[in-house]
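return a 3D structure for these sequence lines:
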Amino acid sequence: MIVTVASFKGGVGKTTTALHLAAYLQQHAPTLVVDGDLNRSASEWASREKLPFKVVDEKQAIRFAKQYEHIVIDTPARPAPEELKTLAEGCDLLVLPTSPDALALSAMLQMVAALHALTSNYRILLTLIPPHPSKVGLETRATIENASLPIFKSEIRRLAVFQRAALEGVPVCDVKDPYAKNAWRCYTAVGEEILP
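Numbering: from 1, shown residues only. Down below sits the predicted model:
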């Protein structure tokens, strides 16, 4: 399976999503992450060599791809229309992470509009959902569902433990923190929707 994670806006958890979906998929079969983002955030996360899967850049991907059952692609933010077409048509599932703020939602809707002309299997993933009593996550989900757009049932909570995982160079499930299990459960739920 090829899963591509893409967004028109930075700061919505794109790399975090790519790496944690890869960690979930790795539990089922060998998984490769292709770091196509110019910031090389996935490669930086992997530089401590503690991730349970391999991370390569797009130039190395061809060499390694045939050795892996699953491939997760972390894309550059705001891909050009032709690039988006290539990404969408070259994967089994396109995951569109968005945080529940107006700017991120607007950027995600622009991406969905660009995808309508293409044949692609995509789903929106709500990320960085603030804790209760905030209702912004519920309101954003209602907006997306009312527009009849495909959305994951699961969502990713806004938890500081994800930053700690990045600093330590591990998936959040390997962080010694009381919130780590809750954070990992968020991505496990998403993974189960992709690969039950």
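
closest to the centroid, which residue in the protein?
Thr17 (2.9 Å; C-alpha atoms, centre = their mean).

so which other helices or strands are in contact with the least confident helix or strand in the chain by mean pLDDT?
Using mean pLDDT, DSSP states H and E, helix 81-89 stands out as the lowest-scoring helix or strand of the chain, at a mean of 83. On a contact count with 3 or more C-beta pairs under 8 Å, 6 or more residues apart in numbering; DSSP states H and E, helix 81-89 meets helix 102-115. (Glycine included, C-beta is placed from N, CA and C.)

the helix it packs on vs helix 81-89, what angle?
Helix 102-115 runs at 80 degrees relative to helix 81-89, counting by axes from the mean of the first three to the mean of the last three C-alpha atoms, to 10 degrees.

show me what helix 102-115 is packed against.
By 3+ C-beta pairs under 8 Å, 6+ apart, helix 102-115 packs against helix 81-89, strand 93-98, strand 122-126.

go again with 6 Å.
Packing contacts for helix 102-115, counted by 3 or more C-beta pairs under 6 Å, 6 or more residues apart in numbering; DSSP states H and E, involve strand 93-98.

what mean pLDDT does the strand it packs on get?
The average of the pLDDT scores along strand 93-98 is 95.

for the residue nearest to the centre of the chain, helix, strand, or coil?
At Thr17, secondary structure determined by DSSP: H, G, I helix; E, B strand; the rest coil is helix.

before we move on, what about Ser154?
Assignment for Ser154 (three-state DSSP): coil.

repeat for Ala29
The three-state label given to Ala29 by three-state DSSP is coil.

tell me where this protein has helices.
Taking DSSP state H, the helices of the chain run over residues 14-26, 41-46, 58-65, 81-89, 102-115, 136-146, 161-168, 180-194.

burial check on the residue nearest to Asp74 when sequence neighbours are not counted, number of neighbours?
Nearest residue to Asp74, sequence neighbours excluded (C-beta to C-beta, 6 or more residues apart in numbering): Ala18, at 3.9 Å. Ala18 has 29 neighbours, counted by other C-beta atoms under 10 Å.

repeat that for the one 3 residues further on.
When neighbours are counted by other C-beta under 10 Å, Leu21 registers 25.

same thing with Ser154?
Neighbour count for Ser154, taken as other C-beta under 10 Å: 17.

going forward, begin numbering at 323 instead of 1
Got it, first residue is 323 now, which makes that one Ser476.

quick one: residues contacting it.
Ala511, Val512 (C-beta atoms under 6 Å, 6 or more residues apart in numbering).
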